[in-house]
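Student: Sequence plus the predicted model coming up.
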Amino acid sequence: MKFGYFCNITNWTQKPYDQVVGEVRDIAVHCDEAGWDSIWFTEHHLNHEGMDACPNPLMMSADIAARTKSIRLGQAANIVTFWNPLRVAEDIAMLDHLSGGRVECGVGRGVYGREAIHMNLDANLKDQARNFRLFDETLTIMKKAWTQELFDHQGEFYSYPAPDFTWQHDMSPPNEDFVEPETNKLTKIGLVPRPLQQPHPPLWQVVDGHRSIDWAGRNGLGAIMWIPTVKALKERFEVYRQARSETEGRDVPLGEGISLVRDMFVADTMEEARELAGEGILTYLRWIAHWRGLGNHMDPGEELPETPGKLDLLTYDFLHPRNMLFGTPDYVAGKIEELQSELNLQHLQVWSNFPGVPHDKVMRSVRLFTEEVMPRFADALPQAAE
(Lines give C-alpha, C1' and ligand atoms only; values in the text may rest on other atoms or scores of the structure.)
Protein backbone atom coordinates (compact mmCIF):
# COMPACT_ATOMS: atom_id res chain seq x y z
CA MET A 1 0.00 0.00 0.00
CA LYS A 2 1.15 3.53 -0.79
CA PHE A 3 0.41 6.26 1.75
CA GLY A 4 -0.27 9.84 0.74
CA TYR A 5 -1.10 12.90 2.82
CA PHE A 6 -4.22 14.73 1.65
CA CYS A 7 -3.26 18.26 2.63
CA ASN A 8 -6.64 19.96 2.50
CA ILE A 9 -5.71 23.51 3.51
CA THR A 10 -8.27 25.35 5.62
CA ASN A 11 -8.17 28.60 7.58
CA TRP A 12 -11.40 28.56 9.53
CA THR A 13 -9.80 30.44 12.44
CA GLN A 14 -8.44 33.19 10.14
CA LYS A 15 -4.75 32.81 10.94
CA PRO A 16 -2.23 34.91 9.00
CA TYR A 17 -1.84 33.14 5.67
CA ASP A 18 1.93 32.87 5.97
CA GLN A 19 1.33 30.86 9.15
CA VAL A 20 -0.99 28.53 7.23
CA VAL A 21 1.68 28.03 4.57
CA GLY A 22 4.32 27.37 7.22
CA GLU A 23 2.20 24.66 8.81
CA VAL A 24 1.71 22.99 5.44
CA ARG A 25 5.48 23.02 4.93
CA ASP A 26 5.97 21.32 8.31
CA ILE A 27 3.64 18.49 7.29
CA ALA A 28 5.20 18.12 3.84
CA VAL A 29 8.81 18.03 5.07
CA HIS A 30 7.93 15.46 7.73
CA CYS A 31 6.14 13.24 5.21
CA ASP A 32 9.04 13.49 2.75
CA GLU A 33 11.67 12.62 5.35
CA ALA A 34 9.54 9.79 6.77
CA GLY A 35 9.05 8.05 3.43
CA TRP A 36 5.43 8.86 2.59
CA ASP A 37 4.68 8.30 -1.09
CA SER A 38 2.84 11.54 -1.89
CA ILE A 39 1.21 14.75 -0.71
CA TRP A 40 -1.91 16.21 -2.34
CA PHE A 41 -3.30 19.75 -2.52
CA THR A 42 -6.77 20.97 -3.45
CA GLU A 43 -8.06 23.92 -5.53
CA HIS A 44 -10.80 26.19 -4.21
CA HIS A 45 -11.57 29.86 -4.79
CA LEU A 46 -13.30 32.86 -3.22
CA ASN A 47 -13.76 31.13 0.13
CA HIS A 48 -13.50 34.15 2.39
CA GLU A 49 -15.08 32.09 5.19
CA GLY A 50 -11.82 30.11 5.34
CA MET A 51 -13.06 26.56 4.98
CA ASP A 52 -11.09 25.92 1.77
CA ALA A 53 -8.01 28.09 1.53
CA CYS A 54 -5.78 26.86 -1.34
CA PRO A 55 -6.56 28.53 -4.69
CA ASN A 56 -3.63 27.04 -6.58
CA PRO A 57 -2.39 23.50 -5.87
CA LEU A 58 0.31 23.82 -8.55
CA MET A 59 1.94 26.81 -6.84
CA MET A 60 1.72 24.99 -3.51
CA SER A 61 3.27 21.90 -5.11
CA ALA A 62 6.11 24.00 -6.55
CA ASP A 63 6.87 25.43 -3.11
CA ILE A 64 6.92 21.96 -1.57
CA ALA A 65 9.00 20.57 -4.45
CA ALA A 66 11.78 22.98 -3.51
CA ARG A 67 11.74 21.82 0.13
CA THR A 68 11.58 18.05 -0.38
CA LYS A 69 13.54 15.29 -2.09
CA SER A 70 11.37 12.36 -3.04
CA ILE A 71 7.71 12.78 -2.08
CA ARG A 72 5.39 12.90 -5.09
CA LEU A 73 3.28 16.01 -5.59
CA GLY A 74 -0.40 15.50 -6.30
CA GLN A 75 -3.34 17.77 -6.94
CA ALA A 76 -6.75 16.57 -5.83
CA ALA A 77 -7.57 18.30 -7.95
CA ASN A 78 -6.69 20.89 -10.54
CA ILE A 79 -10.14 22.16 -11.52
CA VAL A 80 -9.31 22.23 -15.20
CA THR A 81 -12.69 23.66 -16.23
CA PHE A 82 -11.53 26.92 -14.61
CA TRP A 83 -8.25 27.06 -16.59
CA ASN A 84 -7.17 27.81 -20.12
CA PRO A 85 -6.07 24.31 -21.23
CA LEU A 86 -2.75 25.51 -22.68
CA ARG A 87 -1.88 27.36 -19.52
CA VAL A 88 -2.66 24.50 -17.14
CA ALA A 89 -0.82 22.03 -19.40
CA GLU A 90 2.23 24.33 -19.40
CA ASP A 91 2.15 24.82 -15.64
CA ILE A 92 1.88 21.09 -14.91
CA ALA A 93 4.71 20.34 -17.33
CA MET A 94 6.82 23.07 -15.73
CA LEU A 95 6.15 21.66 -12.25
CA ASP A 96 7.13 18.22 -13.50
CA HIS A 97 10.57 19.58 -14.47
CA LEU A 98 10.99 21.67 -11.32
CA SER A 99 10.25 18.62 -9.17
CA GLY A 100 12.36 16.13 -11.09
CA GLY A 101 9.35 14.22 -12.40
CA ARG A 102 7.37 13.93 -9.17
CA VAL A 103 3.95 15.15 -10.35
CA GLU A 104 0.72 13.19 -9.88
CA CYS A 105 -1.83 15.19 -11.88
CA GLY A 106 -5.34 15.15 -10.47
CA VAL A 107 -8.15 16.78 -12.45
CA GLY A 108 -11.71 17.72 -11.57
CA ARG A 109 -14.78 19.55 -12.83
CA GLY A 110 -15.57 21.66 -9.75
CA VAL A 111 -18.19 21.23 -7.04
CA TYR A 112 -19.03 24.76 -5.78
CA GLY A 113 -21.24 27.00 -7.90
CA ARG A 114 -19.83 30.21 -6.42
CA GLU A 115 -16.40 29.26 -7.70
CA ALA A 116 -17.43 28.02 -11.13
CA ILE A 117 -19.61 30.95 -12.19
CA HIS A 118 -16.84 33.43 -11.37
CA MET A 119 -13.91 31.47 -12.77
CA ASN A 120 -15.38 30.47 -16.12
CA LEU A 121 -18.96 30.99 -17.31
CA ASP A 122 -18.69 27.85 -19.43
CA ALA A 123 -18.04 25.86 -16.23
CA ASN A 124 -21.35 26.89 -14.64
CA LEU A 125 -22.44 23.92 -12.55
CA LYS A 126 -26.10 24.61 -13.26
CA ASP A 127 -25.45 23.13 -16.70
CA GLN A 128 -23.77 19.86 -15.81
CA ALA A 129 -23.75 18.54 -19.38
CA ARG A 130 -21.94 21.62 -20.67
CA ASN A 131 -19.52 21.54 -17.75
CA PHE A 132 -18.67 17.92 -18.55
CA ARG A 133 -18.12 18.67 -22.26
CA LEU A 134 -15.78 21.48 -21.23
CA PHE A 135 -13.90 19.12 -18.89
CA ASP A 136 -13.57 16.45 -21.59
CA GLU A 137 -12.33 18.90 -24.21
CA THR A 138 -9.88 20.57 -21.83
CA LEU A 139 -8.34 17.25 -20.88
CA THR A 140 -8.15 16.24 -24.57
CA ILE A 141 -6.19 19.41 -25.35
CA MET A 142 -3.88 18.91 -22.38
CA LYS A 143 -3.03 15.39 -23.57
CA LYS A 144 -2.41 16.61 -27.13
CA ALA A 145 -0.15 19.39 -25.88
CA TRP A 146 1.85 16.98 -23.71
CA THR A 147 2.27 14.16 -26.21
CA GLN A 148 2.61 15.85 -29.62
CA GLU A 149 5.52 18.05 -30.64
CA LEU A 150 3.08 20.16 -32.68
CA PHE A 151 -0.69 19.90 -32.50
CA ASP A 152 -3.97 21.48 -33.49
CA HIS A 153 -7.49 21.28 -32.10
CA GLN A 154 -10.94 22.38 -33.19
CA GLY A 155 -13.69 21.91 -30.64
CA GLU A 156 -16.79 23.38 -29.04
CA PHE A 157 -14.91 25.66 -26.66
CA TYR A 158 -11.38 26.02 -28.06
CA SER A 159 -9.67 26.20 -31.45
CA TYR A 160 -5.89 25.98 -31.70
CA PRO A 161 -4.20 27.64 -33.46
CA ALA A 162 -6.48 30.65 -33.52
CA PRO A 163 -8.29 30.71 -36.90
CA ASP A 164 -6.56 32.70 -39.66
CA PHE A 165 -3.65 33.78 -37.46
CA THR A 166 -0.57 34.55 -39.56
CA TRP A 167 2.98 33.97 -38.34
CA GLN A 168 6.08 35.35 -39.95
CA HIS A 169 9.34 36.11 -38.17
CA ASP A 170 12.85 36.42 -39.54
CA MET A 171 14.20 34.19 -36.76
CA SER A 172 11.53 31.51 -37.33
CA PRO A 173 12.29 30.03 -40.75
CA PRO A 174 9.27 28.97 -42.85
CA ASN A 175 8.26 25.45 -41.94
CA GLU A 176 5.38 23.56 -43.50
CA ASP A 177 5.02 21.58 -40.27
CA PHE A 178 3.29 24.54 -38.61
CA VAL A 179 2.75 27.29 -41.21
CA GLU A 180 1.04 27.32 -44.61
CA PRO A 181 3.83 28.37 -47.04
CA GLU A 182 1.73 30.62 -49.25
CA THR A 183 -0.44 32.37 -46.65
CA ASN A 184 1.75 32.17 -43.52
CA LYS A 185 -1.30 30.98 -41.61
CA LEU A 186 -0.37 29.14 -38.44
CA THR A 187 -1.54 25.51 -38.61
CA LYS A 188 0.07 23.96 -35.52
CA ILE A 189 1.37 25.05 -32.12
CA GLY A 190 3.68 23.35 -29.63
CA LEU A 191 3.89 23.38 -25.84
CA VAL A 192 7.09 24.43 -24.05
CA PRO A 193 8.06 22.61 -21.97
CA ARG A 194 6.44 19.24 -22.35
CA PRO A 195 6.44 17.07 -19.21
CA LEU A 196 9.54 15.34 -17.90
CA GLN A 197 7.50 12.17 -17.30
CA GLN A 198 6.51 10.61 -20.59
CA PRO A 199 4.02 10.63 -22.11
CA HIS A 200 2.73 12.74 -19.21
CA PRO A 201 2.38 12.58 -15.40
CA PRO A 202 -0.04 9.98 -14.02
CA LEU A 203 -3.61 11.27 -14.32
CA TRP A 204 -6.23 11.00 -11.58
CA GLN A 205 -9.83 12.20 -11.41
CA VAL A 206 -11.68 13.02 -8.21
CA VAL A 207 -14.92 11.06 -8.64
CA ASP A 208 -18.09 10.24 -6.74
CA GLY A 209 -21.02 9.05 -8.86
CA HIS A 210 -20.99 5.83 -10.88
CA ARG A 211 -21.04 7.72 -14.19
CA SER A 212 -17.87 9.67 -13.37
CA ILE A 213 -16.18 6.54 -12.01
CA ASP A 214 -16.99 4.64 -15.20
CA TRP A 215 -15.73 7.51 -17.36
CA ALA A 216 -12.43 7.70 -15.48
CA GLY A 217 -11.91 3.96 -15.88
CA ARG A 218 -12.64 4.03 -19.61
CA ASN A 219 -10.37 7.00 -20.24
CA GLY A 220 -7.23 5.79 -18.48
CA LEU A 221 -7.46 7.96 -15.36
CA GLY A 222 -6.94 6.81 -11.81
CA ALA A 223 -9.90 7.45 -9.48
CA ILE A 224 -9.76 9.34 -6.18
CA MET A 225 -12.69 8.70 -3.80
CA TRP A 226 -13.33 10.09 -0.35
CA ILE A 227 -16.34 9.58 1.92
CA PRO A 228 -18.36 6.37 1.32
CA THR A 229 -18.52 3.38 3.65
CA VAL A 230 -16.75 0.15 2.78
CA LYS A 231 -20.00 -1.42 1.55
CA ALA A 232 -20.72 1.56 -0.71
CA LEU A 233 -17.12 1.65 -1.90
CA LYS A 234 -17.35 -1.97 -3.03
CA GLU A 235 -19.94 -0.95 -5.61
CA ARG A 236 -17.85 2.00 -6.78
CA PHE A 237 -14.65 -0.04 -6.95
CA GLU A 238 -16.43 -2.66 -9.04
CA VAL A 239 -17.74 -0.03 -11.49
CA TYR A 240 -14.19 1.19 -12.00
CA ARG A 241 -12.74 -2.32 -12.27
CA GLN A 242 -15.29 -3.32 -14.90
CA ALA A 243 -14.72 -0.14 -16.96
CA ARG A 244 -10.95 -0.60 -16.91
CA SER A 245 -11.20 -4.30 -17.70
CA GLU A 246 -13.48 -3.78 -20.70
CA THR A 247 -11.39 -0.90 -22.04
CA GLU A 248 -8.00 -2.58 -21.61
CA GLY A 249 -9.05 -6.11 -22.53
CA ARG A 250 -7.70 -7.65 -19.32
CA ASP A 251 -8.99 -8.67 -15.92
CA VAL A 252 -8.07 -5.62 -13.86
CA PRO A 253 -7.80 -6.50 -10.14
CA LEU A 254 -10.22 -4.82 -7.76
CA GLY A 255 -8.55 -1.75 -6.25
CA GLU A 256 -6.04 -1.17 -9.03
CA GLY A 257 -5.94 2.49 -10.05
CA ILE A 258 -7.98 3.78 -7.10
CA SER A 259 -6.84 6.08 -4.29
CA LEU A 260 -9.05 6.46 -1.22
CA VAL A 261 -9.06 9.51 1.05
CA ARG A 262 -9.88 8.94 4.71
CA ASP A 263 -10.16 11.36 7.63
CA MET A 264 -7.48 10.36 10.15
CA PHE A 265 -6.52 11.33 13.66
CA VAL A 266 -4.25 9.11 15.75
CA ALA A 267 -3.95 9.60 19.49
CA ASP A 268 -3.02 7.61 22.58
CA THR A 269 -6.67 6.76 23.33
CA MET A 270 -9.95 6.66 21.44
CA GLU A 271 -11.30 9.40 23.70
CA GLU A 272 -8.33 11.68 23.06
CA ALA A 273 -8.75 11.42 19.27
CA ARG A 274 -12.38 12.42 19.63
CA GLU A 275 -11.64 15.24 22.05
CA LEU A 276 -8.83 16.77 19.99
CA ALA A 277 -10.21 16.50 16.47
CA GLY A 278 -13.84 15.37 16.56
CA GLU A 279 -15.30 18.86 16.32
CA GLY A 280 -12.74 19.80 13.65
CA ILE A 281 -13.81 17.10 11.20
CA LEU A 282 -17.50 17.70 12.00
CA THR A 283 -17.02 21.38 11.18
CA TYR A 284 -15.62 20.50 7.78
CA LEU A 285 -18.26 17.88 7.02
CA ARG A 286 -21.07 20.24 7.97
CA TRP A 287 -19.73 22.55 5.28
CA ILE A 288 -19.66 19.73 2.71
CA ALA A 289 -22.94 18.11 3.72
CA HIS A 290 -24.84 21.41 3.38
CA TRP A 291 -24.96 20.56 -0.33
CA ARG A 292 -24.40 16.80 -0.40
CA GLY A 293 -26.52 15.72 2.53
CA LEU A 294 -25.67 12.43 4.24
CA GLY A 295 -26.15 10.12 1.27
CA ASN A 296 -22.45 9.50 0.73
CA HIS A 297 -22.10 8.31 4.33
CA MET A 298 -24.75 5.60 4.04
CA ASP A 299 -24.56 1.91 3.19
CA PRO A 300 -26.38 0.73 0.03
CA GLY A 301 -30.09 0.42 0.74
CA GLU A 302 -29.82 2.09 4.14
CA GLU A 303 -32.62 4.41 5.17
CA LEU A 304 -32.14 7.03 7.84
CA PRO A 305 -34.88 8.33 10.14
CA GLU A 306 -36.39 11.68 9.30
CA THR A 307 -35.20 14.59 11.44
CA PRO A 308 -36.25 18.25 11.65
CA GLY A 309 -32.90 19.42 10.27
CA LYS A 310 -31.14 17.78 7.32
CA LEU A 311 -27.86 17.46 9.25
CA ASP A 312 -29.21 16.46 12.67
CA LEU A 313 -27.69 12.98 12.30
CA LEU A 314 -24.24 14.32 11.44
CA THR A 315 -22.56 13.45 14.72
CA TYR A 316 -19.28 11.86 15.68
CA ASP A 317 -21.02 8.66 16.75
CA PHE A 318 -22.81 8.45 13.39
CA LEU A 319 -19.64 8.97 11.37
CA HIS A 320 -16.97 7.15 13.31
CA PRO A 321 -17.75 3.52 12.44
CA ARG A 322 -18.59 4.41 8.83
CA ASN A 323 -15.52 6.10 7.42
CA MET A 324 -13.22 7.62 10.04
CA LEU A 325 -9.70 6.56 11.02
CA PHE A 326 -9.90 8.20 14.44
CA GLY A 327 -8.38 6.46 17.45
CA THR A 328 -5.39 4.55 18.71
CA PRO A 329 -2.70 3.21 16.38
CA ASP A 330 -4.16 -0.30 16.83
CA TYR A 331 -7.65 0.85 15.88
CA VAL A 332 -6.51 2.84 12.85
CA ALA A 333 -4.30 0.01 11.60
CA GLY A 334 -7.20 -2.39 11.95
CA LYS A 335 -9.46 -0.18 9.84
CA ILE A 336 -6.77 0.03 7.15
CA GLU A 337 -6.45 -3.75 7.18
CA GLU A 338 -10.21 -3.91 6.61
CA LEU A 339 -9.85 -1.63 3.58
CA GLN A 340 -7.15 -3.91 2.24
CA SER A 341 -9.08 -7.13 2.79
CA GLU A 342 -12.45 -5.85 1.53
CA LEU A 343 -11.32 -3.60 -1.33
CA ASN A 344 -7.74 -4.63 -2.12
CA LEU A 345 -6.91 -0.98 -1.47
CA GLN A 346 -3.50 0.01 -2.82
CA HIS A 347 -3.43 3.80 -2.39
CA LEU A 348 -4.56 5.51 0.82
CA GLN A 349 -4.56 9.27 1.44
CA VAL A 350 -5.17 10.54 4.97
CA TRP A 351 -5.42 13.99 6.53
CA SER A 352 -5.43 15.39 10.04
CA ASN A 353 -5.25 19.18 9.64
CA PHE A 354 -8.95 19.77 10.21
CA PRO A 355 -10.42 23.24 10.82
CA GLY A 356 -9.55 24.62 14.22
CA VAL A 357 -7.25 21.79 15.34
CA PRO A 358 -3.99 23.25 16.74
CA HIS A 359 -0.98 22.61 14.55
CA ASP A 360 1.03 20.86 17.26
CA LYS A 361 -1.83 18.38 17.74
CA VAL A 362 -2.01 17.83 13.98
CA MET A 363 1.70 17.12 13.79
CA ARG A 364 1.53 14.67 16.69
CA SER A 365 -1.24 12.77 14.92
CA VAL A 366 0.77 12.65 11.70
CA ARG A 367 3.89 11.48 13.55
CA LEU A 368 1.96 8.76 15.38
CA PHE A 369 0.58 7.56 12.06
CA THR A 370 4.11 7.55 10.62
CA GLU A 371 5.73 5.81 13.56
CA GLU A 372 3.06 3.42 14.81
CA VAL A 373 0.71 2.71 11.90
CA MET A 374 2.74 2.80 8.68
CA PRO A 375 5.39 0.29 9.86
CA ARG A 376 2.67 -2.36 10.10
CA PHE A 377 2.40 -2.09 6.31
CA ALA A 378 6.14 -1.81 5.76
CA ASP A 379 6.28 -4.40 2.98
CA ALA A 380 4.42 -1.93 0.77
CA LEU A 381 6.17 1.27 1.82
CA PRO A 382 8.72 3.23 -0.22
CA GLN A 383 12.14 3.81 1.30
CA ALA A 384 12.47 6.94 3.39
CA ALA A 385 14.56 9.76 1.99
CA GLU A 386 18.15 9.77 3.20
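Tutor: All right, it came through fine. Computed from a predicted structure; not experimentally measured.

Student: Got phi/psi on residue 169?
Tutor: Main-chain torsions, residue 169, degrees, to the nearest 10: phi -150, psi 140.

Student: got it, and residue 76?
Tutor: The phi/psi pair for residue 76 (degrees, to the nearest 10) reads phi -130, psi 60.

Student: Quick check: pLDDT value at it.
Tutor: Looking at residue 76, its pLDDT is 97.

Student: Please name the residues that touch it.
Tutor: By Cβ atoms under 8 Å, 6 or more residues apart in numbering, residue 76 lies in contact with 6, 40, 41, 42, 57, 106, 108, 204, 206, 224, 261, 349. Heads up, the C-betas are built off the backbone N, CA and C, glycines and all.

Student: Distance of it relative to residue 230?
Tutor: Distance, residue 76 to residue 230, by Cβ to Cβ, to the nearest Å: 21 Å.

Student: number of nearby residues for the closest residue to residue 113 other than its chain neighbours?
Tutor: Using Cβ to Cβ, 6 or more residues apart in numbering and skipping the chain neighbours, the partner closest in space to residue 113 is residue 125 (4.8 Å). Around residue 125 there are 17 other residues, counting by other Cβ atoms under 10 Å.

Student: show me the contacts for residue 125.
Tutor: Contact partners of residue 125, counting by Cβ under 8 Å, 6+ apart, are 110, 111, 112, 113, 116, 117, 131.

Student: Check which helices and strands the host helix or strand of residue 25 sits against.
Tutor: Following DSSP states H and E, one finds residue 25 within helix 17-33. In terms of contacts (3 or more Cβ pairs under 8 Å, 6 or more residues apart in numbering; DSSP states H and E), helix 17-33 is packed against strand 2-7, strand 38-41, helix 57-65, helix 359-368.

Student: Let me see the mean pLDDT of the second one.
Tutor: I take that to be strand 38-41. Per-residue pLDDT over strand 38-41 has a mean of 98.

Student: what do you get for stretch 292-300?
Tutor: Averaging pLDDT along stretch 292-300 gives 93.

Student: Name the residues of it that are buried.
Tutor: 294, 296, 297, 298 (16 or more other Cβ atoms under 10 Å).

Student: just to revisit the earlier point, ChimeraX command to pick out the buried ones of the contacts of residue 125?
Tutor: The buried subset of these, as determined by 16+ other Cβ under 10 Å, is captured in ChimeraX by this line:
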select :110,112,116,131
